[in-house]
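> with the sequence up front, the predicted model follows.
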Amino acid sequence: MTPMVDPTPILPETALAVTGLTVAYSGAPAVENVTARFATGAMTAIIGPNGAGKSTLLKAALGLIPPVQGEVRVFGQPLAKALPRIAYVPQRASVDWDFPARAIDVVLMGRFRQTGLFRRIGTAETALARDCLARVGMEPFAQRQIGALSGGQQQRVFLARALAQGADLYLLDEPFAGVDAATESAIIAVLKSLRDEGRSIVAVHHDLATVPAYFDHVLLLNRSVIAAGPVATTFRREIVARTYGSTLPGAIPA
């Protein structure tokens with residue numbers, strides 16, 4: 001096992017730090033020796049081609065996939081201790097939308113850490129859930145079965161569930177994939193408001209054209225880190241080209 005070498009310290013303004021992280025499937029590395037720092041109070045995109053390990057990195061950072069090696073710290077603390085400070089929005093394709101739950105029930109699931117699985121949900125918790133739905137424009141659909149909603153509406157409900165957790169760090173796996181323009185605008189507005197409140201956002205993102213408008217920082221990944229830093233200085237055509245190779249999309253800066 002290769003020793004971890006961490007060239008960058010974990011500073012107080014680091015929301016999420018991964019050091020020497022390697023994850024493998026059937027012995028083949030999906031991400032390899034990734035060291036990255038994600039800033040507090042900022043929005044960071046993880047971008048890279050299909051199969052680059054973007055979702056794997058996010059899941060490993062959450063402890064959903066065991067790493068071969070490496071360390072994860074959240075606000076300077078070990079992952080296990082800091083989990084209550086994290087909210088996660090998975091890919092829509094990974095969710096069972098036939099589950100018999102209303103939109104408000106899904107949002108209330110975000111309160112289970114605070115209420116426990118078997119405690120009666122009170123009026124205060126219900127009011128908070130409705131406020132979270134209202135923040136994403138879904139309060140009128142509170143009683144609608146989750147499977148009866150459109151894809152964009154479902155994504156908004158899952159963001160509302162994350163809001164209900166009251167987290168400091170939000171990890172989102174392709175939050176804009178397969179949603180309509182109105183939903184994308186609503187989601188980015190909520191995420192930017194969270195950032196402005198001092199929360200930290202890390203999102204796997206696929207639309208290179210919107211990176212400069214949506215994000216403050218970017219991590220370019222192709223199994224290992226190609227580059228990371230502020231969008232203004234890091235999201236450059238030559239760096240994106242190294243990340244994507246021959247599949248380089250067109251809508252990126254010079």
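That came in fine, so what should we check first?

> which stretches of the stretch 101-250 of the chain have low pLDDT?
Across the stretch 101-250 of the chain, the ranges flagged by pLDDT under 70 are 113-122, 246-250.

> got the buried residues for the longest helix seen in the chain?
Using DSSP state H to define each element, the chain has its longest helix at helix 181-196. Across helix 181-196, burial judged by 16 or more other CB atoms under 10 Å covers 183-184, 186-188, 190-191, 194-195. C-beta: built from backbone N, CA, C; applies to glycine.

> and if you look at stretch 18-29?
In stretch 18-29, counting by 16+ other CB under 10 Å, buried: 18-24.

> mind listing what's buried in stretch 227-246?
Those would be 227-228, 231, 234-236, 239-240, 243-244, for stretch 227-246 by 16+ other CB under 10 Å.

> okay, and which of the residues you listed map to helices?
Using DSSP H, the subset of those located in helices is 231, 234, 239-240, 243-244.

> which among the residues you listed gets closest to residue 107?
Each of these was scored against residue 107 by CB to CB, and residue 231 proved nearest at 31.3 Å.

> is it true that that closest one touches residue 213?
No: between residue 231 and residue 213 there is no contact under CB atoms under 8 Å: 9.4 Å.

> sorry, back to before: okay, the ones in helices among the buried residues of stretch 227-246 in a markdown table with distance to residue 99 next?
Below are those laid out as a markdown table (distance: CB to CB, whole Å):
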| residue | distance to residue 99 |
| --- | --- |
| 231 | 37 |
| 234 | 40 |
| 239 | 41 |
| 240 | 38 |
| 243 | 36 |
| 244 | 36 |
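
> which of the residues you listed lies closest to residue 33?
residue 243 (16.4 Å).

> next, the contact list for that closest one, please.
47-49, 52, 220-222, 226-227 (CB atoms under 8 Å, 6 or more residues apart in numbering).

> next one: residue 228
Contacts for residue 228 (CB under 8 Å, 6+ apart) come out as 36-37, 217-220, 234.

> switch to 10 Å and redo it
Residues near residue 228 by CB atoms under 10 Å, 6 or more residues apart in numbering: 8, 34-38, 44, 46, 217-221, 234, 239.

> swap in residue 88?
Taking CB under 10 Å, 6+ apart, one finds 58-59, 61-62, 64, 158, 161-162, 165, 167, 169-173 in contact with residue 88.

> just the buried residues of those.
58-59, 61-62, 158, 161-162, 165, 167, 169-173.

> what lies in contact with the one helix or strand residue 125 maps to?
Applying DSSP states H and E as the criterion places residue 125 in helix 123-135. With contact meaning CB under 10 Å, 6+ apart, helix 123-135 is reached by 103-111, 114-115, 119, 121-122, 138-142, 156-157, 159-166, 186, 189-190, 193-194.

> quick revisit: between the contacts of residue 243, which sits nearest residue 151?
Closest to residue 151, out of all of the contacts of residue 243 and judged by CB to CB, is residue 47, at 21.8 Å.

> quick check: residue 220 is in a strand.
Yes: under DSSP: H, G, I helix; E, B strand; the rest coil, residue 220 falls within a strand.

> tell me where the stretch 51-200 of the chain has helices.
Taking DSSP state H, counting those that start in this stretch as the test, the helices found in the stretch 51-200 of the chain are 54-62, 79-82, 103-108, 112-115, 123-135, 151-164, 181-196.

> out of those helices, which is closest to residue 89?
Nearest of those to residue 89, taken as CB to CB: helix 151-164 at 5.2 Å.
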